[in-house]
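Engineer: Fold the following and give me the result.
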Amino acid sequence: MKRIQSRRDFLKLTAMTAAPALLAGCSGLSTTVQPKRKKPNIVIIFLDDSGWADFEPFGTRHYQTPHVQKLAEEGCRFNNFYVPQAICSASRAALLTGCYPGRTKVFGAHGPKERCLEPKYPVMSEIFKANGYKTAIFGKWHLGDQDDTRPWNRGFDESCGLLYSNDMWEYHPQNPDYWGRFPLQYFENGKVTIDRVTKEHQPMLTTWYTEKAVDFIGRHRDEPFFLYVPHSMPHVPLFVSDQFKGKSGAGLYGDVVMELDWSAGQITQALKDNGLEEDTMVILTSDNGPWIAYGNHAGKTPFRESKATSFDGGIRSACIMKYTGKIPANTSSDRIFCSVDMLPTLTGLTGTPLTTNAIDGKDVWDIITGKPSATNPHDYYPFSSNTEFQGVISGDGHWKLHIPHSYHTLTQPGKDGMPGTYKNEKIGLSLFDIKNDPYETTDVKEQHPDILKRLKGYADKHKKRFYPDQK
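Structural biologist: Okay, here's the model as predicted:
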């Protein structure tokens with residue numbers, strides 16, 4: 001049986017295609033059931049700019065995503081999972097540190113050679129590594145491109161991928177001369193192995209990340225591990241390997257989503273083949289909503305607006321979690337929680353000590369497992385866009401307050417990799433009943449002055465603490 005192409009094979013100009021089913025054979029998998037461990041494994045699959053409705057069971061599309069659907073059937077679908085800011089670096093920092101952007105000062109999307117997340121804020125890999133975990137990242141980092149802020153110096157034993165978004169390169173449809181100053185590089189374990197990523201390399205990114213993940217699982221099946229797979233796709237520019245090209249019948253975006261679905265299937269199958277299914281917590285979600293400026297190269301969300309805004313189209317992400325025997329299978333939850341809660345929840349689950357620095361997230365394990373008496377430990381969750389604080393959601397997920405701010409809304413979608421156009425709009429002080437109006441259509445502040453006062457109090461408190469210079 002032919003082994004799937006590796007990155008090294010690619011550089012030697014060997015064939016670019018490989019049957020998806022062969023990937024599971026890369027790691028010398030054993031079907032021997034391993035003894036139960038005290039420390040469960042953690043696997044986080046983090047998509048880039050995926051729309052809330054891109055995958056089954058969240059949306060019904062012209063193509064199928066059976067592996068994500070199966071993951072949901074074996075775990076729980078969370079319909080009200082939020083990120084505190086709907087853009088790349090800010091969202092990733094919040095997930096890995098348990099801190100709001102206002103605390104870390106990681107806002108927006110950082111570019112090449114920038115520091116981004118300061119090392120004084122520990123990330124999951126460092127925290128789990130200190131508790132005896134093997135750690136790996138295969139995918140997009142986007143939390144710093146200086147020596148001490150790169151992943152191999154942030155607690156990852158193994159790493160490969162890109163240090164920032166795959167559109168920050170010389171072929172960017174806007175400002176290519178600027179981005180051409182910084183060659184997009186592919187790294188492995190601290191060394192650059194592709195000095196200039198080209199249009200010939202991009203179709204293999206999803207395959208390479210998946211191959212590395214499957215191999216890592218097989219090699220570390222006898223010890224606890226933290227595996228972080230932050231895919232570069234479906235962020236533009238879209239690329240897909242030959243075996244998925246045209247497979248969806250719904251255009252390039254559908255092909256890319258089907259390949260990501262296949263990747264999730266390969267990773268979860270590797271866990272099963274290695275006898276790790278009952279010992280592993282699997283989380284699949286996205287950093288934020290879709291970048292709808294790219295039209296047919298963007299995902300779908302039923303909610304208002306999209307990436308880079310504080311409406312739910314930007315900050316609400318589809319989320320699935322599976323932990324056999326702990327999270328009830330084939331369930332759906334409308335309970336609210338946020339990406340900053342994942343660090344304290346996972347450290348609590350694994351018995352991993354948190355560091356002494358302050359974080360904002362809280363343990364929401366009882367919410368995740370569907371405990372009937374569970375209540376959210378937060379009074380509110382804040383949301384922001386770049387350096388601007390823009391409002392709060394109540395801890396029970398019922399109410400959402402926007403303080404006055406500007407935002408951009410799409411006027412003309414792009415096509416085939418070219419972006420469309422936006423116009424600026426403004427929203428005044430507005431209160432939305434998210435429970436009954438999830439699309440943020442009707443301002444109800446006049447009908448609920450008591451709720452308005454309470455959320456305005458939360459917003460004023462958060463603004464004073466983390467954004468003291470904002471007017």
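Engineer: Any stretches of this structure with poor pLDDT?
Structural biologist: The chain contains residues with pLDDT under 70 at 1-38.
Engineer: I'd like the next helix or strand past the helix ranked longest in it.
Structural biologist: For the chain, the helix with the greatest residue count under DSSP state H is helix 251-273. Toward the C-terminal end, the helix or strand that comes next after helix 251-273 (DSSP states H and E) is strand 280-286.
Engineer: Now do that next one: which elements does it pack against?
Structural biologist: Strand 280-286 sits against strand 41-47, helix 66-74, helix 251-273, strand 316-322, helix 342-350, with contacts defined as 3 or more CB pairs under 8 Å, 6 or more residues apart in numbering; DSSP states H and E. Bear in mind the C-beta positions are built from the backbone N, C-alpha and C, glycine included.
Engineer: Could you dump these into CSV with distance to Arg219 and mean neighbour count added?
Structural biologist: Listed next are those as CSV, based on distance: least, CB to CB, whole Å; neighbours: other CB atoms under 10 Å:
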stretch, distance to Arg219, mean neighbour count
strand 41-47, 13, 25
helix 66-74, 22, 20
helix 251-273, 11, 23
strand 316-322, 22, 25
helix 342-350, 20, 21
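Engineer: looking at the ones you listed, which is closest to Met124?
Structural biologist: For Met124, the closest of the helices and strands packed on strand 280-286 is helix 342-350, at 6.0 Å, according to CB to CB.
Engineer: So what touches the closest one?
Structural biologist: With CB atoms under 8 Å, 6 or more residues apart in numbering as the contact definition, helix 342-350 has outside contacts at 39-40, 42, 44, 95-98, 124, 127-128, 131, 133, 224, 281, 283, 352-354, 359, 361-365, 368.
Engineer: hmm, back to that, now do the longest helix of the chain: which elements does it pack against?
Structural biologist: For helix 251-273, the packing partners by 3+ CB pairs under 8 Å, 6+ apart come out as strand 41-47, helix 66-74, helix 205-219, strand 225-230, strand 280-286.
Engineer: Just give me how far it sits from the chain centre.
Structural biologist: A distance of 15 Å separates the centroid of the chain from that of helix 251-273, by CA atoms, centre = their mean, to the nearest Å.
Engineer: Okay, angle between that helix and strand 225-230 too, please.
Structural biologist: 170 degrees (axes from the mean of the first three to the mean of the last three CA atoms, to 10 degrees).
Engineer: Then Ile336 would be within a strand, right?
Structural biologist: Yes. Using DSSP: H, G, I helix; E, B strand; the rest coil, the assignment for Ile336 is a strand.
Engineer: Quick check: beta-bridge partners of it?
Structural biologist: Asn80 (DSSP bridges).
Engineer: how close does it sit to His398?
Structural biologist: Distance of Ile336 to His398, given as CB to CB, to the nearest Å: 9 Å.
Engineer: Show me how the chain divides into domains.
Structural biologist: Under the assignment automatic domain parsing, the domains of the chain span 36-373, 383-466.
Engineer: Tell me which of these is the most buried.
Structural biologist: domain 36-373 (a mean of 21; mean count of other CB atoms under 10 Å).
Engineer: What segments of the stretch 51-200 of the chain are helices?
Structural biologist: Under the criterion DSSP state H, counting those that start in this stretch, the stretch 51-200 of the chain contains helices at 66-74, 88-97, 101-104, 124-129, 176-179.
Engineer: right, and Asn41 touches Asp279 too?
Structural biologist: Yes. Using CB atoms under 8 Å, Asn41 is in contact with Asp279, at 5.8 Å.
Engineer: nearest to Asp242, of the helices and strands packed on helix 251-273?
Structural biologist: Going by CB to CB, the one of these nearest Asp242 is helix 205-219, 10.0 Å.
Engineer: So what angle separates the directions of the closest one and helix 251-273?
Structural biologist: Helix 205-219 runs at 0 degrees relative to helix 251-273, counting by the same axes, to 10 degrees.
Engineer: Pro119 and Asp148 touch, don't they?
Structural biologist: Yes. The criterion here is CB under 8 Å, and Pro119 meets it with Asp148 at 5.5 Å.
Engineer: Find the nearest non-adjacent residue to Glu56, please.
Structural biologist: In this structure, Glu56 finds its nearest non-sequential neighbour in Gln69, 4.2 Å apart by CB to CB, 6 or more residues apart in numbering.
Engineer: For the one you found, give its distance to Pro57.
Structural biologist: 6 Å.
Engineer: what does Ser125 give?
Structural biologist: 30 Å.
Engineer: just Val257 next, same as before
Structural biologist: Here Val257 is placed at a distance of 14 Å from Pro57 (CB to CB).
Engineer: which ones are touching Phe216?
Structural biologist: Counting by CB under 8 Å, 6+ apart, Phe216 makes contact with 27, 134, 136, 138, 158, 225, 227.
Engineer: State the distance from it to Ile137.
Structural biologist: Distance of Phe216 to Ile137, computed by CB to CB: 10 Å.
Engineer: anything in contact with each of these two?
Structural biologist: Contacts common to Phe216 and Ile137, judged by CB under 8 Å, 6+ apart, are Glu158.
Engineer: residue boundaries of the strands in the stretch 1-150 of the chain?
Structural biologist: Along the stretch 1-150 of the chain, the segments classed as strands by DSSP state E, counting those that start in this stretch run 41-47, 76-82, 134-140.
Engineer: In TSV, list those along with distance to Thr409.
Structural biologist: As requested, these are exported to TSV (distance: least, CB to CB, whole Å):
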stretch	distance to Thr409
strand 41-47	24
strand 76-82	20
strand 134-140	27
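Engineer: Can you say which of those is nearest to Lys423?
Structural biologist: Comparing the strands of the stretch 1-150 of the chain by CB to CB, strand 76-82 comes nearest, at 25.9 Å.
Engineer: quick one: that closest one to strand 316-322, angle?
Structural biologist: 150 degrees.
Engineer: Show me the contact partners of strand 76-82.
Structural biologist: Contacts of strand 76-82 (CB under 8 Å, 6+ apart): 57-58, 285, 315-322, 327-329, 331-339, 368, 370, 381, 383, 393, 397.
Engineer: what's the answer for stretch 360-370, then?
Structural biologist: With contacts defined as CB under 8 Å, 6+ apart, stretch 360-370 is touched by 76, 78, 98-100, 103, 321, 326-328, 331, 333, 335, 337-345, 348-349, 373-374, 376-378.
Engineer: again, only this time at 6 Å
Structural biologist: For stretch 360-370, contacts defined as CB atoms under 6 Å, 6 or more residues apart in numbering pick out 98-100, 327-328, 335, 337, 340-341, 343-345, 348, 374, 377.
Engineer: now, among the residues you listed, which is nearest to Tyr209?
Structural biologist: Nearest to Tyr209 among the contacts of stretch 360-370, counting by CB to CB, is Leu343 at 22.3 Å.
Engineer: any idea how far that closest one is from Asn131?
Structural biologist: 13 Å.
Engineer: No further questions, thank you.
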